[in-house]
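Undergrad: how would this look folded up:
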Amino acid sequence: MTSLRKVMTVGAWLNLYFFWEKKWFFIALIVGALMLQMPVPEGLTGEGMIVITMSVVSIILFITEPVPLPTVALLIIIGQVVLMGHDSTEVARSLMTDSVLFIMGSLMLAVAVVKQKLDKRIAWLIVRLTGTKTWRVCFGVALVSGLLASFIGEHTVAAMMLPVGITLITLTSDDPKKVRNLAAVLLFSIAYGASVAGIGTPSGGARNAIMIGYWKEFFYDPTNPETRKFLIGYLDWMIHAYPMFLVQLPIVTSILFWTFRPEYRDLSRAVVKLRATVEKEGPMKGTDWIAIVIFFLVLAAWITISGNLGMGTVAIAGAAAFLITGLVRWEDINSGVNWGVILLYAAAISLGLQMKDTGAAQWVAENFLAFLAPFGAEHGFGLWAAVSALTTGVTNTMSNGAAVAVLGPIVLKTAVIAGESPIILGYVTAVSSSFAYLTVVGTPACTIVYASGYLKATDFLAVGWKMVIASTVIMLLAAKVYWPLLGA
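TA: Purely as a prediction, here's the structure:
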């Protein structure tokens with residue numbers, strides 16, 4: 001009897017522990033159930049109320065992560081079928097758009113590029129171009145991280161460049177305490193260089209592809225030539241966003257040196273050891289050059305023919321080329337691509353389209369503008385700043401792709417109601433979603449450099465608020481002066 005009582009006690013504690021661990025999952029479900037029981041607000045349809053409820057539950061789960069994030073995607077799919085009564089085939093069809101195909105192809109390409117193991121050669125190339133002065137090396141690291149992140153995604157670049165930064169740190173000193181500030185500057189140069197560059201091209205981040213998809217879905221009408229401006233291509237995006245990356249680069253280095261003062265002003269000692277390591281590896285092989293050629297062909301196709309074929313088709317073709325030439329195996333792609341992330345973005349985009357179709361996005365947008373009206377921020381510069389602040393806050397608590405997927409429909413409807421340019425407000429949202437400088441979990445790039453063990457969580461706050469202010473000012477200036485010149 002005593003043994004049975006002990007078993008029951010242990011079982012009760014295990015159940016209690018399970019419910020405590022998953023408390024936010026159950027809280028989210030309770031919030032959702034209560035919202036569905038509320039009277040439908042005036043101006044909102046029943047379906048719109050369901051979509052808003054699903055969005056609120058998803059946001060709670062995105063932020064608290066009581067279950068794996070791909071689980072949220074599965075729940076979104078189930079909710080559209082069970083709660084909204086949509087046909088499952090119709091829901092499945094909404095999951096695979098060109099934006100999702102593009103995200104999938106970009107992740108596959110990233111795995112193929114990382115497989116070539118060019119990290120030490122990249123470090124050596126940076127040093128040869130910049131010299132050995134610490135500030136020049138850090139600027140070079142941020143520049144190369146940014147150039148790569150423009151095309152293959154910041155999380156991939158952070159993974160590629162982290163060994164570069166650690167190599168330079170460890171070759172300078174074996175004692176982490178003696179290079180504490182140097183490590184911070186080098187590692188943040190990687191993370192922030194990749195983050196500010198991620199806005200530069202559609203392939204720089206899922207958020208960009210998601211916004212391009214929303215513009216087309218919301219505003220493009222094949223029968224109306226005037227709506228062709230909402231078909232934003234690869235080169236169009238670069239023209240609007242890439243100059244901001246270039247302007248921010250020296251600012252990143254300045255802010256990092258202002259916040260952390262490196263112990264070493266010259267890295268000659270590390271460079272000598274690095275050169276010896278690279279010389280041992282010998283010259284680049286033929287396969288290395290083939291990989292570089294394929295990558296640049298994909299980039300050229302994105303710029304020139306993706307308008308006809310679709311950016312997703314080009315990305316998939318590039319991944320196929322790496323597989324055909326044997327530069328990467330399917331096993332590598334299968335294990336290296338986070339398929340759950342693709343599913344998550346697909347479901348988030350699908351939910352975003354439901355926000356538009358049910359009128360939920362318009363209802364939220366109208367109430368958002370009503371909230372801003374007393375502050376005089378319901379249009380123009382004030383509205384841009386409010387949308388930027390909202391997006392920055394959200395993106396520091398969840399992935400930037402998810403932030404744009406959730407906020408995109410609301411912001412675009414807000415633009416229409418306020419008589420503002422949907423293109424400008426769309427860019428404001430997508431660009432602001434890269435301002436996740438404040439937390440370790442803000443972006444994968446921040447998480448990756450933090451995992452090196454050289455940084456503390458408080459370091460992100462110490463430097464992040466300065467980055468947020470600088471990036472926001474640059475973006476608002478672009479929205480006020482530069483984008484209107486391009487017809488946005």
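Undergrad: wait, isn't Lys273 in contact with Leu171?
TA: Yes - in this structure, Lys273 is within contact of Leu171 by Cβ atoms under 8 Å, at 4.5 Å. All C-beta atoms are positioned from the backbone trio N, CA, C, and that covers glycine.
Undergrad: distance of Ser471 from Ile255?
TA: With distances defined as Cβ to Cβ, to the nearest Å, the gap from Ser471 to Ile255 amounts to 10 Å.
Undergrad: can you check Phe219 too?
TA: Separation of Phe219 from Ile255 (Cβ to Cβ): 37 Å.
Undergrad: just for the stretch 301-450 of the chain, where's the confidence low?
TA: Along the stretch 301-450 of the chain, the model assigns pLDDT under 70 to residues 397-399, 439-442, 444, 447-448.
Undergrad: Ser471 and Ile255: which is more packed in?
TA: Shown here are Ser471 and Ile255; by other Cβ atoms under 10 Å, Ser471 has more neighbours (26 against 20).
Undergrad: The more buried one: which element?
TA: Element membership for Ser471 (DSSP states H and E) is helix 457-477.
Undergrad: quick one: contacts of that helix?
TA: 184, 188, 192, 196, 244, 247-248, 251-252, 255-256, 258-260, 381, 384-385, 388, 392, 428, 431-432, 434-435, 437-440, 442, 446, 450 (Cβ atoms under 8 Å, 6 or more residues apart in numbering).
Undergrad: pLDDT of the next helix or strand after that helix, averaged?
TA: If you walk from helix 457-477 toward the C-terminus, the next helix or strand you reach (DSSP H and E) is helix 483-485. On average, the pLDDT along helix 483-485 is 88.
Undergrad: and helix 483-485, which residues are buried?
TA: Buried residues in helix 483-485, counting neighbours by 16 or more other Cβ atoms under 10 Å, are found at Trp483.
Undergrad: Stretch 172-179 too?
TA: Buried residues in stretch 172-179, counting neighbours by 16+ other Cβ under 10 Å, are found at 172-173, 179.
Undergrad: Quote the end-to-end distance of stretch 371-391.
TA: By Cα to Cα, to the nearest Å, the extent of stretch 371-391 from end to end equals 16 Å.
Undergrad: and that stretch, how far from the chain's centre?
TA: From the chain centre to the centre of stretch 371-391 is a distance of 23 Å (Cα atoms, centre = their mean, to the nearest Å).
Undergrad: and for it, what are the contacting residues?
TA: 369-370, 403-404, 407, 411, 414, 418-420, 424-425, 428-429, 432-433, 435, 472, 475-476, 479-480.
Undergrad: how about a cut-off of 6 Å?
TA: By Cβ atoms under 6 Å, 6 or more residues apart in numbering, the residues outside stretch 371-391 that reach it are 369, 407, 411, 418, 428-429, 432-433, 472, 479.
Undergrad: Check which helix or strand the residue lying closest to Ser432 once chain neighbours are set aside maps to.
TA: Nearest residue to Ser432, sequence neighbours excluded (Cβ to Cβ, 6 or more residues apart in numbering): Thr391, at 3.9 Å. For Thr391, the element it lies in under DSSP H and E is helix 380-395.
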